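J.: A predicted structure for the sequence below; I have some questions about it.
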Amino acid sequence: MNLCDGIVAEYAVSKGLLQSDHDFTQDIINSARNIAYRYQSNTSHVEFMEKAALAIYEPIARSHGLGARERLLLQIAVILHDCGEFINMNETRLNSYRIISTTELIGLSDLEREMTARIVAYASNGKENGSSETRLGRRNQLIVAKLSAILELADALDKSHLQKCKRIESDRRENKLVITLYSLQDMTLERELFERNSAVFEDVFGLRIQLKQKKKTI
């Protein structure tokens, strides 16, 4: 194929004249995984965080104006959130911000890449790191804050990096989000950090969080 073939195919798909069964979203995710591998990220920790973040995201996304594209940005941010450790463990999130914002991710626009970088940087302390100026606009800044809050909760649930939870479920009940952890292990550290980090989530989503643990693995 050449460039002209690609232009014709893109036009045909956009006009509904051609159906493509290729999953371009998965290409973007695989590209992020390759970057994480290059920076020697903790694969087990990242995989756990992905499951936790998406479990929290699903029951609340639609009612807060979040869709498939925001879900993708959250997933990429989770995959790349600790790649900055490769440079300096004392400034992980700031270095991760710099890596993401300067690394080409095919399939993401410049704006989406900047949002992804800020999701990671924002999550560390509830405010944006990196540049003090932002061109994201109010709506995108709110999206960044919401996705950052989810990322921070998912990170707290595996702060020991031991993947103590075998399964995580979340359920929206009116103005409350109930998160259930299935684990036979002591989750004291994770619960304390989770409760400490839940304030930002409750502020941006307007939901109270209730964390439960069931002594089961299935």
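T.: Right, received. Where do you want to start?
J.: and the helices in this protein, which stretches?
T.: 3-14, 24-38, 43-61, 68-80, 92-102, 110-123, 138-156, 188-205 (DSSP state H).
J.: by mean pLDDT, flag the weakest helix or strand of the chain.
T.: Here the helix or strand of the chain ranked lowest by mean pLDDT, DSSP states H and E is helix 3-14, holding a mean of 83.
J.: buried sites along that one?
T.: Neighbour-count burial for helix 3-14 flags no residue at all (criterion: 16 or more other Cβ atoms under 10 Å). Heads up, the C-betas are built off the backbone N, CA and C, glycines and all.
J.: show me the contact partners of it.
T.: Leu18, Gln19, Ser20 (Cβ atoms under 8 Å, 6 or more residues apart in numbering).
J.: measure the residue nearest the centre of the chain to Ala53 for me?
T.: Nearest to the geometric centre of the chain sits Leu74, at 2.7 Å (Cα atoms, centre = their mean). From Leu74 over to Ala53 the distance is 6 Å, taken as Cβ to Cβ, to the nearest Å.
J.: which residues are in contact with each of the two?
T.: With Cβ under 8 Å, 6+ apart as the test, Leu74 and Ala53 both reach Ile150, Leu151.
J.: quick one, what contacts Gln185?
T.: Leu162, Lys164.
J.: isn't Lys146 up against His64?
T.: Yes: the pair Lys146 / His64 is scored as a contact, 6.5 Å apart, by Cβ atoms under 8 Å.
J.: where do the contact lists of the two overlap?
T.: Counting by Cβ under 8 Å, 6+ apart, the residues touching both Lys146 and His64 are Phe205.
J.: when those two are compared, which one has more neighbours?
T.: Lys146 (23 against 15; other Cβ atoms under 10 Å).
J.: what number of residues lie near the residue lying closest to the more buried one once chain neighbours are set aside?
T.: Spatial nearest neighbour of Lys146, chain neighbours left out: Val204 (5.1 Å); criterion: Cβ to Cβ, 6 or more residues apart in numbering. When neighbours are defined as other Cβ under 10 Å, Val204 has 19 of them.
J.: low-confidence stretches in the chain?
T.: Across the chain, the ranges flagged by pLDDT under 70 are 123-134, 217-218.
J.: rerun that using 90 as the cut-off
T.: The model of the chain has pLDDT under 90 over residues 1-25, 88-93, 104-107, 121-138, 166, 174, 197, 215-218.
J.: can you list the buried residues in stretch 99-118?
T.: Neighbour counts using 16+ other Cβ under 10 Å place 99-101, 103, 105, 107-108, 112-118 of stretch 99-118 among the buried residues.
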